[in-house]
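>>> How does the following fold in three dimensions:
(chains A, B, C and D, ligands or ions: 4)
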Amino acid sequence: MDKMPKWADVALVPVVSLIIAALISAIVFVAVGQNPWEALKLMAYGAVGTSDFLGYTLFYATNFIFTGLAVAVAFHASLFNIGGEGQVLLGGLGAAIVVLFVPWPHWTLALIAGATAAAVFGALWVAIPAYLQARRGSHIVITTIMFNFMASGVLIYMLSGPLKPDGNMQIATAIFPEASHLPSLNDIAGVFGSDLFGRSPVNISILIALLACVAVWALIWHTRLGYQIRALGRSESAAKYAGISAVNITMIALLISGGLAGMMAVNNTMGINTPQLVDNAAGGAGFIGIAVALMGRNHPVGIIIAALLFGALYQGGAELSAATSIPVQIVVVIQALVIMFTGALDEMVRSPIEKLFIRFGRSRVAGE
Amino acid sequence: MSDISPAIELIGISKAFGPVQANKDISIRVMPGTIHGIIGENGAGKSTLMSILYGFYKADAGEIFIAGQKTQIPDSQAAIAAGIGMVFQHFKLVQNFSVLENVVLGAEDGALLRPSLAKARKQLKSLAKEYELHVDPDAIIEDLGVGMQQRVEILKALYRQADILILDEPTGVLTPPEADQLFRILGRLKAEGKTIILITHKLREIMDITDTVSVMRRGEMDSTVKTSETTPADLAERMVGRKVLLRVDKTPAKPKDVVLEVRDLNITDEKGVHRLKGVSFNVRAGEILGIAGVSGNGQSELLEVLGGYEKATGDILVNGVPLDLTGAHSDGQSRRAHGIAHVPEDRQNEGLIMDFSAWENTAFGYHHDPEYQRNALLMDNAAILRDAQGKMDRFDVRPANPLLSAKNFSGGNQQKIVVAREIERDPDLLLVGQPTRGVDIGAIEFIHQQIVALRDAGKAILLVSVELDEIMGLSDRIAVMFDGKIMGERLPENTNEKELGLLMAGVTDGESA
Amino acid sequence: DGHASTPAIIYDLGGKFDKSFNESAFNGAQRWAEENEAEFAEFEITSDAQREQAIRRFAEDGNSPIVMAGFSWATALEASAPDYPDTDFVVIDVSWIDLPNVRAIGFKEQEGSYLVGMMAATASETGVVSFVGGMDIPLIRRFACGYAQGAMAANPDATVISNMTGTTPAAWNDPVKGSELTLAQISQGSDVVFAAAGGTGVGVLQTAADEGILSIGVDANQNYLHPGQVLTSMLKRVDTVVYDSFSNDGDLEAGIFILGVENGAVGYSLDEFNAELVSDEMKAAVDAASAEMVAGTLVVHDYMSDETCPALEF
Amino acid sequence: MDFFTIVQLGDASVRMAIPLLLACLAGLFSERAGIFDIGLEGKMLAAAFVSAAVSYTSGSVWVGLLAGIGISVVLAIIHGIASITFKGNQLISGVAINFFAAGLTVVIAQGWFAQGGRTPSLPQDARFNGLDFPGALSRMRDKMQASPGMQFYSEFVSGHSILVYLGLLAVPLSWWILYRTRFGLRLRAVGEAPEAVDTAGISVVRLRFSAVIICGILCGIAGAYLSTAVQAGFTKDMTANRGFIALAALIFAKWRPWYALGACLLFGLFFAIDIRFSNIQLQVIWIMVLLLGCAAALTTYAVRREKIDVIVLGGLSAVLAAVAFTAWFATASAEGISILAALWETVKVPSQLIQSLPYLFVVIVLAGFVGKAIPPRAGGQPYVKER
Ligand SMILES: Nc1ncnc2c1ncn2[C@@H]1O[C@H](COP(=O)(O)OP(=O)(O)OP(=O)(O)O)[C@@H](O)[C@H]1O
Ligand SMILES: Nc1ncnc2c1ncn2[C@@H]1O[C@H](COP(=O)(O)OP(=O)(O)OP(=O)(O)O)[C@@H](O)[C@H]1O
Ligand SMILES: [Mg+2]
Ligand SMILES: [Mg+2]
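Numbers count the residues shown, from 1 in each chain, chains lettered A, B, ... in the order given. Ligands and ions are numbered 1, 2, ... in the order given. Next comes the predicted model:
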């Protein structure tokens, strides 16, 4: 018998961890002289209070779905891709290049081309760390962190050099051509005469994010590749016995991961109201993806839920900092706590729960 | 005799690992100055019990008396203080430390190292003289053979003035001569009045050197008897709770044409050590070739090469077709394509993925198999599940629930899952490594029958096992490996344990004659 | 007072307390608030994604005027301003947006820099003066270019060393590198350093003080940071712009305005902290130059007009 | 490049190296005990903030230093609880700690000082100032006139803050502790084979906790150094990834104290170069030689190996070559001169590239092209007796 039922593992444990994280966050609020309850209400309002706020929440959630999936796919191969940040930037670069230099007749084409380019660039950016991990055992965590810095170097160089419109002081590309602008959900809702999402930039790439979730779900649990990824992740020695090439699977898993991260650019570069590539396009989404994946137990459904939660947190946090003196970094703190409790301190939460189930299980067996 | 209090007395020891009850209410008394044997099936709880005595695990319940004194042993520190030393089944040495550093570790005299090391160096010299336990104090552990490493472990215990010495399956890794040497040492220690507990699977050893012997079964203490008052057959029966059929009943083999041909196989590992030295042999359809040998003499490497996850030079032909030994096709997938199935030595780390459910494990290695695919893109999980259910029923895996994850099955049942997966592929050549390690007798019989049945179906089988009686029982031909070489081939009907034992020790016919 | 609606100010990434540009804007708002015992709304963005969000947020809350400090606001503002025709927007350091409800304000930083450049060259004993810029953008090069021209004017054979801290917004906030750059410049002989680098300037002025050379602050009056060791500060009256916009009663004149010495929008600071550093003839020379600028007889070359500088190699 | 510039470069290298060195030694103790710690960055950052804040409020930099060490140790203990007590994933715990510090420092700094997440600048006497050795010149301008020996003495030897000398002292001290004391022996053992330590009657948990605490102390000093010696106050994210570079240096140093000193000085030099020579001019021909040389080297390495190597390294070589030629032709067209003439043109190396050099080097180090490094055997895995 397993130590505890599946539902407890996938739902109960994360929820308990989350509650603990929330409690400690509350303490932090008190420490900086904020009433946590008031803060929570402010955040909640800021997250879903108005149609605009709701829209922004969904907009950020879309980002986090992409990066969360990216981290999760790598996690299934027990690889820790912490380079989402850099892969997002490169993805943005890819999208920007194809959208700026090719006159797409219609946004659908621009979307396909942009998404592909973004994914390819994101994947290529993780190719070297992946290769070094697979072939030379160089630690993927540190290499990807280094590649994050180099990514922003590359981006800044492109934005302040080749891609910089003359006389423009902002470190950003020109605004993408009109034809390539993606319809925002509000435009779509507008067709039905609704103003559900206000002027927020949430756009159809949220649908792409959801498609990506389905794709990842199928990949991981219903394809040979996914089977091999999971096998390698669980036991390298067994994978070797089965003739699963650690090198190839490591590479492929990370390339997919990087591609997913890169595709976030579709949302935050092509999707925003004034589509252009700015210097800090990633805005920490790459890192939040880690928390999202951990909390979502590396499962697309969990990731969607976690992404929505962090989207709300991010947007609510921004509103909170606008209304109070608390800086937005409070979100980073909460993010850290979530990572800590759902990730590293998982055992602390899990083992007492497991013990309960085992005791309960024993007595039941005895009863039979 | 009851007036002298026992050196060790355990009363009502229980220990559970999560769901596993490794020890159930175990009591045992060991008299001072005696050698006390403990036997039992794998997983019976022997190591657990001794680890509790040594303070490595904490017992859930029970009391420990040392020399009549009730003693708390919360950790090894306490055990050492109580004069207990233990040589574990898996040595506990720091691989890249010198012998000296390993001996000193934890028994230093002061905060500074130099004096302690100097003292230990002197000590080792005298110990070496006293017990002919010669080891170079400055040698690095990873450069030493297992025999030497075991000496270091014994020296560690003696350096700490242990007068109770526990040895957990010490001879498993030793050649017969090394084993004899060890027993001489144990004899000398006993003569000095030290108390020795010896865990082993080898009844011969029990009969040879122990005074009393305890039999454990399924985590419980079955019985303790005077060695002089028992027989191997009696012990075997106590061990497994019923009559053991010592021989597998099988008809003589009808070998047909050669399926596997191995010519001049060589392996040099990254350290530059030659693991295989010009190994050549062949296996015919309808016969079982057993490879005997002390573990670590190249059998594992041989299996790994054949299984496709170790590179080598030389030639391997299956049904006359040469295999790729170095290139892109030297992997498990292409081996399976050649009709080779493989029951690996280490099921927990190779044969199965412990966190995968049983049904996922039944496709393991064959996940590319057409019958498991729904279409070009997706796997047909339903088909795999159906297949798994069938296999588990036919091989009577308990519980026959494909949804359970592999780690929740017992050793024997885990092994049945692997065997079912490999045998039911109906391969031309079956590689079997340690098929019954950590498996109880019921499962052993079943698995042996399956292997024989496959042979009778006209398949070639290569069996590697460190258990001599398993080799003797199953094989139609026996090859003995020592130090990466095949020392010789024998037919089971006209050889005996002694001869094989010598070959396993590297003593070739010439010398023995 | 009969103010129509609460004004709002949104700071740039550098942050409200960058001891410089944003802080100067904040001071203006603060002064207005104190004088009229009134409230104003404010927001520090932390990522570009928030720009448009912040503008719309304040606009929808009915704030007006909404003042934005920094050229990075241009895109977001152009996108959102048309949606709020009866809200007044003021954007500082942007001289190209032409919308009916936007007042775009640029500064002739080259003029102020010219003046402090003159003072630097006069005060220098080694004849070498230096410049530490923040992020390498045309706007900052405009500072450097004006500074160099001023130095040359005061001392034709003066040497001007110029370094930029970086090419990312992080360059506005890297005091460590600021101080290292200063050390490097000192070792090249510089004994007066002008920092136009936001938060990075803090490190520059600190090191200059430690090393016993003179420094020149920027934007706000930074003389107080190291009394007797800051020669002067090149004032860029962002604060007055904010103050005026706030005070102005709901009917701001839209359009593009370039403010210079003649508007008193740029200049140099003189207070008790640097009084004994600024000799009378130094002051006289500088004031003369200012007068010529106002009169139009002295035109300082604007780097951004043609992205070249007569007095300095970048 | 005159002598004084070199001295200054060395001087700046040392100054940049010290925080790396302290963090590197911190990681060394932790990883030698089998606990990986990518939370060095976070611990330094937290310490940088707290020591600055406390120095400012208390007016005493030593109190600040202690407070900084305190917070760093607290974080180290949290990492210990996660990875030793609860056998959690050490990487994830480290990442969490990094984010925690990055966020909380700003939040609290804003809460206490309301200055946009930074502390007020520290007054002179609330900082670690340079110690001027007897007879040493303190002012840059005096040094420039001085004799080479004097320049070396005044600039390189003298004039650093006490923490610099402490940091350098930490190297021999660490070596002595590791290789000459009982504690060191046990520490090294627990990183290689915890079960051996355990069965030798030593508490693995206690050993590992003491290791992470030492790690915390060293990180604390490193952080305090940044905010109270290099700088006068805390600014957000001021550690600027030094924690991660220290980890790479640790690998480069093969987990040995003296090597660590060398590795950190090397990285310090990179930073010094970036700061001193942010605009480096290079002749196009040299750029071509460099890039094409690398490309050639990579390809030759790849061809003798497997397909994957050919694909990845071949691709990389292609990119490098492409960059080289674009640079070449771009200069040609920009200067409006012939392709050949362009070869001799000097162009400015992008500052981004120079800033990326340390990171690039980290990757090369990790790639093991500069010597294979074998980490402690038990590193990264919790010590689990019972599953
Ligand atoms: N550390 C552990 N965690 C969980 N279960 C364990 C652990 N050690 C042993 N077990 C289980 O406890 C039972 C007894 O194991 P133990 O090693 O004591 O058996 P044994 O008699 O020594 O077997 P062998 O002869 O193979 O050494 C087995 O089921 C084993 O799988
Ligand atoms: N290393 C281990 N870690 C955790 N649990 C284990 C381990 N080894 C065995 N177990 C559990 O211990 C139980 C008994 O394992 P063990 O191998 O001792 O069975 P057994 O008594 O030998 O039965 P069988 O005869 O079928 O092998 C199994 O349920 C298994 O889940
Ligand atoms: Mg055992
Ligand atoms: Mg078993």
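>>> Would you agree B:Ser98 is in contact with B:Ile140?
Yes: using CB atoms under 8 Å, B:Ser98 is in contact with B:Ile140, at 5.8 Å. Heads up, the C-betas are built off the backbone N, CA and C, glycines and all.
>>> Between those two, tell me which one has more neighbours.
For B:Ser98 against B:Ile140, the residue with the higher neighbour count under other CB atoms under 10 Å in any protein chain shown is B:Ser98, and the figures read 18 against 15.
>>> Skipping adjacent residues, who's closest to the more buried one in space?
In space, and not counting its chain neighbours, B:Ser98 is closest to B:Asp138: 5.2 Å by CB to CB, 6 or more residues apart in numbering or on different chains.
>>> give me phi/psi at A:Asn248?
The phi and psi values for A:Asn248, taken as degrees, to the nearest 10, are phi -60, psi -50.
>>> Check the burial of the spatially closest residue to it that is not a sequence neighbour by counting its neighbours.
Leaving aside its sequence neighbours, A:Asn248 sits nearest to D:Ile308 (CB to CB, 6+ apart; 7.0 Å). The local packing of D:Ile308 (other CB under 10 Å) involves 16 other residues.
>>> can I assume D:Ile308 sits in a helix?
Yes: secondary structure assignment places D:Ile308 in a helix (DSSP: H, G, I helix; E, B strand; the rest coil).
>>> tell me the contacts of it?
D:Ile308 sits next to A:Tyr131, A:Ala134, A:Arg135, A:Val247, A:Asn248, A:Met251 when contact means CB atoms under 8 Å, 6 or more residues apart in numbering or on different chains.
>>> Repeat the analysis, applying 10 Å as the threshold.
A:Tyr131, A:Ala134, A:Arg135, A:Ser245, A:Val247, A:Asn248, A:Met251, D:Ala302 (CB atoms under 10 Å, 6 or more residues apart in numbering or on different chains).
>>> surely the fifth one meets A:Gln133?
Read that as A:Val247. Yes: taking CB atoms under 10 Å as the contact criterion, A:Val247 and A:Gln133 are neighbours in contact, 9.4 Å apart.
>>> Pretty sure B:Leu165 sits in a strand.
Yes: in this structure, B:Leu165 lies within a strand as judged by three-state DSSP.
>>> burial count for it?
Every residue meeting other CB under 10 Å relative to B:Leu165 is counted, giving 23.
>>> From B:Lys226, how far out is it?
Between B:Leu165 and B:Lys226 the distance, using CB to CB, to the nearest Å, works out to 21 Å.
>>> if we can go back for a sec, just the buried ones from the contacts of D:Ile308?
Buried subset of the contacts of D:Ile308 (neighbour count, 16 or more other CB atoms under 10 Å in any protein chain shown): A:Tyr131, A:Ala134, A:Arg135, A:Ser245, A:Val247, A:Met251, D:Ala302.
>>> Okay, and which of those residues map to strands?
Of the buried ones among the contacts of D:Ile308, none are assigned to strands by DSSP state E.
>>> tell me the two of the residues you listed that are most distant?
Checking the buried ones among the contacts of D:Ile308 against each other with CB to CB, the farthest-apart pair comes out as A:Ser245 and D:Ala302, at 17.6 Å.
>>> does chain C sit close to stretch D:210-227?
Yes: when contact is scored as CB under 10 Å from any CB of the partner chain, part of stretch D:210-227 falls within range of chain C: D:Leu226.
>>> Grab the CA positions of that stretch and hand them over as PDB.
The C-alpha trace of stretch D:210-227 is given here as PDB (Å, rounded to 0.1, in the frame of the first residue of the first chain):
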ATOM      1  CA  SER D 210      28.100  23.400  12.400                       C
ATOM      2  CA  ALA D 211      29.200  23.400   8.800                       C
ATOM      3  CA  VAL D 212      26.300  25.500   7.600                       C
ATOM      4  CA  ILE D 213      26.700  27.800  10.500                       C
ATOM      5  CA  ILE D 214      30.300  28.500   9.600                       C
ATOM      6  CA  CYS D 215      29.000  29.000   6.100                       C
ATOM      7  CA  GLY D 216      26.600  31.600   7.500                       C
ATOM      8  CA  ILE D 217      29.200  33.400   9.400                       C
ATOM      9  CA  LEU D 218      31.500  33.800   6.400                       C
ATOM     10  CA  CYS D 219      28.600  34.900   4.100                       C
ATOM     11  CA  GLY D 220      27.700  37.400   6.800                       C
ATOM     12  CA  ILE D 221      31.200  39.000   6.700                       C
ATOM     13  CA  ALA D 222      31.100  39.000   2.900                       C
ATOM     14  CA  GLY D 223      27.700  40.800   2.900                       C
ATOM     15  CA  ALA D 224      28.800  43.300   5.600                       C
ATOM     16  CA  TYR D 225      32.000  44.000   3.500                       C
ATOM     17  CA  LEU D 226      29.900  45.000   0.500                       C
ATOM     18  CA  SER D 227      27.600  47.500   2.300                       C
END
